[in-house]
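A.B. asks: quick one: sequence and predicted model below, then my questions.
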Amino acid sequence: MTFWPEAGIGGALRRETHYDGRSMLCFSERPAHLAAMFDDLVARFGDRPAIVDDRALSYRELDLLVRKIAVSLAALGIGKGDRVALFLGNCWEFLAVTLACNRLGVLVVPIGIRQRRAELEFLLNNSGAKVVVFEAELTDEIPAAAEVPQLAHRFVAHGTAEGARPFEDLLAAEPANAPLAEMHEDDTAVILYTSGTTGKPKGAELTHLSILHSSYAFARAHELTERDRGLVAVPLSHVTGLVGVSYATIAAGGCVVLMRQAFKTVDFLALAARERITYSILVPAIYTLAVMHPEFDKHDLSAWRIGCFGGAPMPVPTIEMLAKRLPNLQLRNAYGATETTSPTTIMPQAYWRDHMDSVGQAVPYAHVRVLDADDNEVAPGEPGELLIAGPMVVPRYWQRPDANAKEFVNGYWRSGDIGSIDQDGFVRVFDRKKDMINRGGFKIFSAEVENVICGIDGVLETAIIGTPDPVLGERVNAIVVTSEGASLSERDVAAYCAARMSDYKVPESIIIRSEPLPRNANGKIQKTVLRETIADRAASYARS
C-alpha cells in the first residue's frame, strides 16, 4: 500500500546511479541544480511573494538581492567548492546568501546561533570556511583571527562589529552579470553539522540532488503550491527549517514566512494569523504550547491546513484540542535526519488520524530496511535498526572517512534508530540506539555533555540522563561523581557547562555525589538505575 500519487511535482520515478555507484530511484522531472530551480521560479512567479521577514520580498526582488550577493562573493575570490558560514538567526539575509552560494557552487555552512565560541571555532576550522556572515549581537562568540586562520572575510548583519564589514557591502554590486558556476547535481550544496555518538560534530554533505528530492517530497506529499505560505519557527540552521520548510515552500513557488525573534508562543500565534500561514513543520512542544495558550482563540488560524511534526511523539491531548479548535488542520508526522536531508517518511494524508503511532510511509524514492543485530532482515512488524537509502541520503560526512566507513554501508545509512515496518508500509520508531536526548526538538548527545563536565576539577565521572517531559519531550539530568574533598556545587557545574556549550545542552537537574556510578558486569554504566535515582529525587522534591 502506498499513498503517493502517480503524478505531481517531480514526475515519475526512474532508476539512476549517483554518488560513485549508488543505485536509487529518482524523480524524472527535476532541474539540473538548485540555482536552475530558483531561476525557473523567478521566471514563473516573479511578482509573487517569496519571503516575509521584516520586509516582504517577491521572487523578482529576492533574485536581485541573490545576484548582487553572488557578484560580491565572486569579487572576493569565493568560488566553486569554497565554504561560507552563516551564524545568523531566521532572516531573509540567511536565505539570500544561501541562494547566492547555490549559484556559485559554494558550500553553505549553517551554524546555530546557540553555539558558543569554542563550538564555533571548531566548526569554522573543520569546514575551512573562508567567509562568515554573523549577527551583530553574536560578535563576542566569533573567534579571533589567530584561532581561525583560513577565515578571510567577516560580514556583520543587523548592527556593527569591529573587524567586520557591514552586510550591506554584499549588496553594493551590479547584479546584471551574476556568475553561474558549472555544477553537477551530485555536488555538495550545504554542510550541516550533526553530533555523532562520541559527541564530535560531523558535517553531513547535503547535495543539490538530495535537497531537490527532499523539497519535492514535502511539496508533493502536502500538495504545496504557489498559494502556500510556510512558516519557519524552527532555526534555518536546522535541516527542518532550511529544507523541510524553506526549500520545500520555495520549490512550489510559495512564500516563506520567517519568525525572526526568539520563540514566544504569543508571537508565534500572532505571526501565523497575520500572515495566513498554511504549512509548518514544528516540534510537538510548539503545538502543545500554542493550543494551551490563553490567547489561542483570539487568533484566526483557519488558513493553516498542514501541521507537520517530528522529533518526538505528539501528545494525544494536543491532537484532540487542535482537532476541536482547528478542524481543517491536518497533523502529519514525518521522520528523518540531517543525513537524510530531512524526510525519510511522511504520514499519508488519508491516514493521519488512524496511524498516529506511526511516522508514516517511506517517501517514494526511499528504501528502508529493518535489520537485526546480525544485519539480517526482520519480518514485517518486528523491531530492528532502520537502514535508509535513496537520493535524499547524503553521500558522506565532511572529512570524516572513519564515520563514512562505519555509517554508510552498501548505499545505506545506518540510522541508529530502532523501529519497524508493518505489512502496509507504515514505519514506527521505538527507540534510539545512540545515547541521545531530544529536548524540544534539539538533539543532545550524552557523551558530549559528559566530556565537558569531566573537564571540571574534582570530577571523577558523570552520566547524563534524559527524563520525560510533557512539553519539551525530554529534560537533561546530570549525575556527577566528585573526588574526596572536592568542593563543587550544582550551580558551579551549571555555570561551567553554560560557558562551553549551547544552552539547551546544559543540565537542568544536577546531582553531586561521591558514590561511584553503578555498572554492570561489562563495566557499562547502568542508566536504568540512574533514572530511578533521578525519579526518587524528583519525588522527594515534590513531597517537600
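C.D. replies: Yep, that arrived.
A.B. asks: helix, strand, or coil at Ile456?
C.D. replies: Classification of Ile456 using DSSP: H, G, I helix; E, B strand; the rest coil returns coil.
A.B. asks: now the strands: where do they sit in the stretch 251-400 of the chain?
C.D. replies: 255-258, 279-282, 306-309, 330-337, 342-346, 360-362, 367-371, 384-389 (DSSP state E, counting those that start in this stretch).
A.B. asks: ok, the closest residue to Ser214 other than its chain neighbours - contacts?
C.D. replies: Closest residue in space to Ser214, ignoring its immediate chain neighbours: Thr341 at 4.3 Å, by Cβ to Cβ, 6 or more residues apart in numbering. Where you see a C-beta, it was placed from the backbone N, CA and C, and this is true even at glycine. Residues in contact with Thr341, defined by Cβ atoms under 8 Å, 6 or more residues apart in numbering, are Leu206, Ser210, Ile211, His213, Ser214, Val239, Val243, Met392, Val393, Val394.
A.B. asks: what angle do the helix or strand harbouring the third one and strand 330-337 make?
C.D. replies: Pointing back at Ile211 there. Per DSSP states H and E: Ile211 is located in helix 208-221. With axes from the mean of the first three to the mean of the last three Cα atoms, to 10 degrees applied, the angle from helix 208-221 to strand 330-337 works out at 160 degrees.
A.B. asks: in its sheet, which strands sit next to whatever helix or strand comes next after helix 208-221, and in what direction?
C.D. replies: Next along the chain after helix 208-221, taking DSSP H and E as the criterion, comes strand 229-232. Partners of strand 229-232 in the sheet, by DSSP bridges, are strand 255-258 (parallel), strand 279-282 (parallel).
A.B. asks: any chance of the ones you listed in JSON lines with distance to Ala12 as columns?
C.D. replies: Listed next are the strands paired with strand 229-232 as JSON lines, based on distance: least, Cβ to Cβ, whole Å:
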{"stretch": "strand 255-258", "distance to Ala12": "28"}
{"stretch": "strand 279-282", "distance to Ala12": "25"}
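A.B. asks: tabulate those (a markdown table), appending distance to Leu99 and mean pLDDT.
C.D. replies: As requested, those are arranged in a markdown table below (distance: least, Cβ to Cβ, whole Å; pLDDT from 0 to 100):
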| stretch | distance to Leu99 | mean pLDDT |
| --- | --- | --- |
| strand 255-258 | 11 | 98 |
| strand 279-282 | 20 | 95 |
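A.B. asks: quick check: Met37 vs Tyr216, distance?
C.D. replies: For Met37, the distance to Tyr216 equals 10 Å [Cβ to Cβ, to the nearest Å].
A.B. asks: okay, those two: which has more neighbours?
C.D. replies: Using other Cβ atoms under 10 Å as the criterion, Met37 and Tyr216 rank with Tyr216 on top: 27 against 22.
A.B. asks: the closest residue to that one other than its chain neighbours: helix or strand, and which one exactly?
C.D. replies: Leaving out its chain neighbours, the residue that sits closest to Tyr216 by Cβ to Cβ, 6+ apart is Gly10, at 4.2 Å. Using DSSP H and E, Gly10 falls within no helix or strand.
A.B. asks: report the contact partners of Gly10.
C.D. replies: Residues near Gly10 by Cβ under 8 Å, 6+ apart: Phe27, Ser28, Glu29, Arg30, His213, Tyr216, Ala217, Arg220.
A.B. asks: for Asp300, which non-adjacent residue is closest in space?
C.D. replies: Ala273 (5.1 Å).
A.B. asks: list the contacts for that neighbour?
C.D. replies: His299, Asp300, Leu301.
A.B. asks: equivalent analysis for Gln261, please.
C.D. replies: Contact analysis of Gln261 by Cβ under 8 Å, 6+ apart lists Asp267.
A.B. asks: how close does it sit to Cys91?
C.D. replies: As for Gln261, its distance to Cys91 is 10 Å (criterion: Cβ to Cβ).
A.B. asks: Ile69: neighbouring residues, count only.
C.D. replies: 28.
A.B. asks: skipping its backbone neighbours, what lies nearest it in space?
C.D. replies: Excluding the flanking residues, the one nearest Ile69 by Cβ to Cβ, 6+ apart is Ala100, at 3.8 Å.
A.B. asks: and what of Gly419?
C.D. replies: Leaving aside its chain neighbours, Gly419 sits nearest to Val429 (4.2 Å; criterion: Cβ to Cβ, 6+ apart).
A.B. asks: and the gap between that neighbour and Gly416?
C.D. replies: 11 Å.
A.B. asks: what's the burial count for Pro516?
C.D. replies: By other Cβ under 10 Å, the residues close to Pro516 number 10.
A.B. asks: surely it is within a strand?
C.D. replies: No: going by three-state DSSP, the assignment for Pro516 is coil, not a strand.
A.B. asks: by mean pLDDT, flag the weakest helix or strand of this structure.
C.D. replies: Ranked by mean pLDDT, DSSP states H and E, the weakest helix or strand in the chain is helix 527-543, scoring a mean of 75.
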